[in-house]
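**Q** Mind looking at a prediction? Sequence and model below.
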Amino acid sequence: MTVDKYIRDIQDFPKEGILFKDITPLLIDPSARKECLDILVSTLRDKGINKVIGVESRGFFFGTLLAQELNAGFVPVRKPNKLPYDTIAASYALEYGTDTLEIHTDAIQKGDRVLIHDDVLATGGTAKAVCELVEQLGGIIVQCNFIMELTFLNGREKLAQKDIFAAIKY
């Protein structure tokens, strides 16, 4: 089985000119989901990760599975005003606009070994913002982990000197 056959292309979403990579078929199929999880966790064993960040919202799906698999805590990073406790925020540019993400101020402790997970690495703005939040709280980023990477958007450039893993590359 190849995981990439469970990624569906949606033209002109969320706006004209964007080719959206939809992971819904991957989430629906238990065998494909398990294979993807195995691929994502394959480079993470014995790295001492104790916190997994899932980026709203598609990063939550595999983020929680990765946390369970690694026996680590799960930390949601969300859009503004969605978290109920004290937060810090970082803004970033998307390929189709700008946005802001927040994290609870007590979610990451100094020295925590953190995995950042999201569904896609595109321009790198989202992942860079999350890295800034983790580092501001004193966490150590072990890896930035993605289901897929859109290599033509050069997102890796914004994550210089970070260990990056993507199960699928386009």
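**A** Sure, I can see it.

**Q** And stretch 88-103, what's buried?
**A** Buried residues in stretch 88-103, counted by 16 or more other Cβ atoms under 10 Å: Ala90, Tyr92, Asp99, Leu101, Glu102, Ile103. The C-beta positions use only the backbone N, C-alpha and C, and glycine is treated the same way.

**Q** name the element the fifth one belongs to?
**A** When you say that, I think you mean Glu102. Using DSSP states H and E, Glu102 sits in strand 97-104.

**Q** for the record, mean pLDDT for that strand?
**A** The average pLDDT for strand 97-104 rounds to 91.

**Q** for that strand, the distance to its chain's centre please.
**A** 13 Å (Cα atoms, centre = their mean, to the nearest Å).

**Q** got it, and stretch 84-96?
**A** Worked out by Cα atoms, centre = their mean, stretch 84-96 lies 14 Å from the chain centre.

**Q** And for stretch 7-25?
**A** 17 Å.

**Q** follow-up on the earlier one: and the buried residues of stretch 88-103, which two are furthest apart?
**A** Spanning the widest gap among the buried residues of stretch 88-103 are Asp99 and Ile103, at 14.1 Å by Cβ to Cβ.

**Q** Could you list the low-confidence segments of this protein?
**A** For the chain, the stretches with pLDDT under 70 are 1, 94-97.

**Q** which residues in it form helices?
**A** Along the chain, counting by DSSP state H, helices occupy 24-28, 30-41, 58-70, 125-136.

**Q** Looking at those helices, spot the one closest to Asn81.
**A** helix 125-136 (15.9 Å).

**Q** Output the contacting helices and strands for that closest one.
**A** Applying 3 or more Cβ pairs under 8 Å, 6 or more residues apart in numbering; DSSP states H and E, one finds that helix 125-136 contacts strand 51-55, strand 87-94, strand 97-104, strand 113-121, strand 140-149.

**Q** To Ala72, which of those lies closest?
**A** Closest among those, using Cβ to Cβ: strand 51-55, at 5.0 Å.

**Q** List of residues touching the closest one?
**A** For strand 51-55, contacts defined as Cβ atoms under 8 Å, 6 or more residues apart in numbering pick out 59-64, 66-67, 70, 72-77, 101, 103, 107-108, 112-118, 126-127, 130, 134, 139.
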